[in-house]
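Asker: Provide a 3D model corresponding to the input given below.
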Amino acid sequence: MLEDSIKAAARALSGAGQVMAFTGAGVSAESGVATFRGAGGLWEGQPVEQVATPEAFRRDPLRVWRFYEARRVQASTVRPNPAHETLARWQRRFPAFCLATQNVDGLHQAAGSREVLELHGGLWRVRCTACDRQREDRTVPLPELPPRCSACGAIERPDIVWFGEVLPTDILSAAAQAAAKAEVFVVVGTSAVVYPAAGLVEIAASAGATIIEVNPAASALAHLADIVLRGPAGELLPRIDATLEVS
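Answerer: Take a look at the predicted model:
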């Protein structure tokens, strides 16, 4: 059954010119990145939804930065897994390939992916709360918390989309356009419950794309999938890739 699904996924991909992949926390979890979902979704006894918000940052920027500093420290110790590496290979393989992710850890880029559409921001970027100046900073640990803008001296924030904030319109628009053009749309490691990012699956399905879902458990949009593979992405994507190579 699983082998049949792997072959079906490889067949769909082998004839595709435009492919899009949409990844979520499950891909990073296989590298050891904490997902903060479910019963474990607490930080210092509080739900992450109460820490990663604009209101929390206004109240106590140091506390919010300590949370993100802990995430940066952890992210600096993990490495891309075979799922990340396979998606990076597919970017080189297919004539038109778009990768959109809900993850902020930069593991796709570390695996070699380029022009990744980071729907929820990036852990390694900071942005000034006053002049909006953005910069990359991979220093771990940061020398000062909260960090301050070298241009105007105001406090900087993580360049992350917090709960209650809107996604960057340019990135979301680019992702939606790619989803509408995709011949094959691969959903990997996401529960597909966080909108508007999850709406990309619906856009692709409405446009007639073949939807492939690779997840240990069914996502909220599994009913849209034409091909379903249940299991870890780090195992299944390389198996699809290997079948592609011999097809």
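Asker: Which pLDDT value goes with residue 218?
Answerer: Residue 218 carries a pLDDT score of 87 in this model.
Asker: what's it in contact with, if anything?
Answerer: Each residue near residue 218 by C-beta atoms under 8 Å, 6 or more residues apart in numbering is listed here: 228, 230. All C-beta spots, glycine's among them, are computed from the backbone N, C-alpha and C.
Asker: Spell out the secondary structure type for it.
Answerer: Put simply, residue 218 is coil when judged by DSSP: H, G, I helix; E, B strand; the rest coil.
Asker: Equivalent analysis for residue 71, please.
Answerer: helix.
Asker: Flag every buried residue along the strand ranked longest in the chain.
Answerer: Secondary structure of the chain per DSSP state E: the longest strand is strand 121-128. Of the residues in strand 121-128, 121, 122, 123, 124, 125, 126, 127, 128 count as buried by neighbour count, 16 or more other C-beta atoms under 10 Å.
Asker: next SSE after it?
Answerer: Remark: after strand 121-128, the chain's next helix or strand is strand 134-136, criterion DSSP states H and E.
Asker: Compute the distance between residue 61 and residue 211, please.
Answerer: According to C-beta to C-beta, to the nearest Å, residue 61 and residue 211 sit 41 Å apart.
Asker: what's the longest strand of the chain in contact with?
Answerer: So strand 121-128 is contacted by 68, 71-72, 75, 104-106, 133-138, 147, 149, 151-152, 154-161, 168 (C-beta under 8 Å, 6+ apart).
Asker: Among those residues, which ones are in helices?
Answerer: Secondary structure from DSSP state H places 68, 71, 72, 75 of the contacts of strand 121-128 in helices.
Asker: contacting residues for the closest residue to residue 114 other than its chain neighbours?
Answerer: In space, and not counting its chain neighbours, residue 114 is closest to residue 91: 6.6 Å by C-beta to C-beta, 6 or more residues apart in numbering. When contacts are counted by C-beta under 8 Å, 6+ apart, residue 91 touches 97, 99, 112, 113, 114.
Asker: Could you export those as JSON lines, including distance to residue 82, neighbour count and secondary structure?
Answerer: Formatted as JSON lines, the contacts of residue 91 follow (distance: C-beta to C-beta, whole Å; neighbours: other C-beta atoms under 10 Å; DSSP: H, G, I helix; E, B strand; the rest coil):
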{"residue": "97", "distance to residue 82": "18", "neighbour count": "24", "secondary structure": "strand"}
{"residue": "99", "distance to residue 82": "15", "neighbour count": "26", "secondary structure": "strand"}
{"residue": "112", "distance to residue 82": "13", "neighbour count": "14", "secondary structure": "coil"}
{"residue": "113", "distance to residue 82": "14", "neighbour count": "24", "secondary structure": "coil"}
{"residue": "114", "distance to residue 82": "19", "neighbour count": "11", "secondary structure": "coil"}
